[in-house]
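Colleague: Everything below, folded, please.
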Amino acid sequence: MFSRILIANRGEIALRIIRAARELGLETVCVYSEADRDGPWLLQADHSICIGPPAPLDSYLRIDRIIAAAETSKADAIHPGYGFLAENAEFATVCRDCHIEFIGPSPEAMALLGDKISCRAMAKKAGTPIFPGSEEAIEEEDEAMELAHEIGFPVIVKAAAGGGGRGMRVVHTAEELQPAIQSAQQEAASAFGNGAVYIEKFLERARHVEVQCLGDKHGNAIHLYNRDCTSQRRHQKLIEEGPAPGVPDEIRDKVCQSAADLIRNAEYSGAATCEFLMDRDSTFYMLEVNTRVQVEHPVTEMITGVDIVKESIRVAAGLPLSHAQEDISINGHSIECRINAEDPDRDFMPQAGTVKEYVQPGGLGVRVDSHVTSGYVIPPNYDSMIAKLIVHGRDREEAIARMKSALSEFRIGPGKTTIPLHQRILTERAFVEMDVDIHYVERLLAGEEG
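Modeller: Numbering: from 1, shown residues only. I've put the predicted structure just below:
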């Protein structure tokens with residue numbers, strides 16, 4: 001086991017990793033930017049090192065400065081959290097070259113599953129359901145047109161690298177295809193340094209369901225069942241819950257096992273999430289694999305009792321998984337709401353500034369993952385998520401009721417947050433009856449639902 005790990009991240013995920021490391025008896029080192037000099041999570045770390053100015057390009061994305069901090073502090077390993085360098089194969093390679101363990105997959109497994117084209121090939125081999133679409137990156141527009149007609153419009157053009165909705169274009173007609181490919185290639189090259197794109201069948205009304213997996217360095221891989229992440233806006237998730245409601249057990253178990261087989265075949269260690277779209281007939285199609293811990297990992301922890309962050313640290317140290325597949329079962333239902341410092345009434349404008357009031361909810365089955373305290377200054381330089389509110393109940397009905405109660409207790413001000421939006425969604429008939437798709441929230445905001 002390691003003795004000291006460096007956390008190459010900030011905010012609530014940095015605090016989450018500190019707590020997991022502390023339970024394992026490990027010291028922690030946090031790097032921070034000048035904007036985060038007074039970050040409350042730094043008080044919980046054993047050591048902290050400033051690595052640069054507020055801009056991520058000058059701090060949290062500087063591989064050389066993070067490695068220097070790890071070497072100076074004599075850290076055995078680096079945990080990247082999510083975002084920033086978490087899915088950067090070059091960073092994982094540099095860690096290995098410097099004899100510092102990267103708490104995550106090998107660079108080879110990350111590259112294999114992080115590239116959506118090679119991931120599709122691996123998924124097909126593992127029996128994981130995939131969309132009809134390209135086997136290779138699109139190089140000739142005539143080839144793209146032929147394929148699009150073969151699988152049928154609408155189709156979606158997607159970047160082979162990256163995510164977050166960038167490098168993606170939905171195409172409904174043949175006339176739209178060529179400009180969509182060119183536009184997606186340009187955006188992908190700019191955002192990810194890789195302009196490769198491919199084509200898949202597009203589902204107009206789909207739910208977003210994902211499978212949480214864990215692998216180790218001994219060839220073991222398990223799944224921790226699934227989550228539903230359908231409530232989202234512009235490909236950014238707002239509400240997650242698990243297990244995914246309304247999925248027949250037989251289909252759920254088959255898809256979950258295929259996801260575990262996929263990461264096992266990739267010789268993957270650490271936490272991974274296989275993301276799927278599901279149509280109204282409960283037919284699944286894989287979107288991608290996220291090669292890192294997810295923002296919504298607490299949902300799975302609440303229903304399985306497995307500490308995903310601790311397991312990731314353990315397997316990075318070379319230990320086998322603590323759990324076999326037969327040990328994993330579902331207990332009740334969990335929901336997570338992402339609390340963002342944004343104003344939903346003003347196109348989700350970020351709300352940087354001082355938090356003067358911060359009162360967390362409590363009670364049975366309520367968990368808050370947050371780095372915020374009264375007096376904390378939200379910087380304008382980073383993601384606007386300031387808390388994750390997670391609840392657990394005996395079933396979905398109780399979990400919804402518990403979340404509504406917890407949201408009513410949560411006090412954050414004076415800036416606006418997404419709390420009122422979550423309260424609205426939780427009372428909508430469509431959400432309660434799970435009659436939703438990935439565009440439901442956008443229609444609701446536009447006044448087309450409800």
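
Colleague: which residues in the chain form helices?
Modeller: Ranges of helices in the chain, per DSSP state H, are 11-23, 63-73, 89-97, 107-114, 116-126, 141-151, 174-192, 249-265, 297-304, 308-316, 396-409, 419-427, 429-432, 440-445.

Colleague: Stretch 334-345: which residues count as buried?
Modeller: If you call a residue buried by 16 or more other C-beta atoms under 10 Å, then stretch 334-345 has these buried ones: 334, 335, 336, 337, 338, 339, 340, 341, 342, 343, 344. C-betas here are computed from N, CA, C, even on glycine.

Colleague: now swap in stretch 146-156 and tell me
Modeller: Within stretch 146-156, the residues that count as buried by 16+ other C-beta under 10 Å are 147, 148, 151, 155, 156.

Colleague: How about stretch 201-210?
Modeller: 201, 202, 203, 206, 207, 208, 209, 210.

Colleague: next one: stretch 99-118
Modeller: 100-107, 109-117.

Colleague: ok, longest strand in this protein?
Modeller: What stands out as the longest strand in the chain, according to DSSP state E, is strand 221-233.

Colleague: residues contacting the residue nearest in space to the middle of the chain?
Modeller: Using C-alpha atoms, centre = their mean, the residue of the chain that lies closest to the mean C-alpha position is residue 294, 3.5 Å off. Neighbouring residues of residue 294 by C-beta atoms under 8 Å, 6 or more residues apart in numbering: 82, 210, 212, 271, 273.

Colleague: Let's see that with 10 Å instead.
Modeller: Neighbouring residues of residue 294 by C-beta atoms under 10 Å, 6 or more residues apart in numbering: 82, 210, 212, 227, 229, 237, 240, 271-273, 275, 300, 308.

Colleague: Kindly report the same for residue 248.
Modeller: Residue 248 sits next to 254, 282 when contact means C-beta under 10 Å, 6+ apart.

Colleague: Try it again at 7 Å.
Modeller: When contacts are counted by C-beta atoms under 7 Å, 6 or more residues apart in numbering, residue 248 touches residue 282.

Colleague: Equivalent analysis for residue 128, please.
Modeller: Residues near residue 128 by C-beta under 7 Å, 6+ apart: 258, 259, 262, 274, 286.

Colleague: so which of those comes closest to residue 134?
Modeller: Nearest to residue 134 among these is residue 286, at 13.8 Å by C-beta to C-beta.

Colleague: how much space between residue 98 and residue 315?
Modeller: 20 Å (C-beta to C-beta, to the nearest Å).

Colleague: Which one of those two is surrounded by more residues?
Modeller: Between residue 98 and residue 315, counted using other C-beta atoms under 10 Å, residue 315 has the larger neighbour count: 24 against 13.

Colleague: unless I'm mixing things up, that one is touching residue 270, no?
Modeller: Yes. At 6.1 Å, residue 315 counts as touching residue 270 under the criterion of C-beta atoms under 7 Å.

Colleague: Would you mind measuring from residue 146 to residue 274?
Modeller: In this view, residue 146 and residue 274 are 29 Å apart by C-beta to C-beta.

Colleague: burial of residue 252, as a residue count?
Modeller: Residue 252: 21 neighbours (other C-beta under 10 Å).

Colleague: Need the pLDDT of it.
Modeller: Looking at residue 252, its pLDDT reads 97.

Colleague: Return the residues in contact with it.
Modeller: Contact partners of residue 252, counting by C-beta under 7 Å, 6+ apart, are residue 226.

Colleague: List just the nearest of the contacts of residue 128 to residue 56.
Modeller: Closest approach to residue 56 among those (C-beta to C-beta): residue 274, at 27.4 Å.

Colleague: Farthest pair within the buried residues of stretch 334-345?
Modeller: Across the buried residues of stretch 334-345 (C-beta to C-beta), the longest gap, 27.5 Å, separates 334 and 343.

Colleague: Return the distance of the residue located most distally from the centre of the chain relative to residue 167.
Modeller: Computed with C-alpha atoms, centre = their mean, the residue of the chain farthest from its C-alpha average is residue 142, at 35.2 Å. Computed as C-beta to C-beta, the residue 142 to residue 167 distance reads 21 Å.
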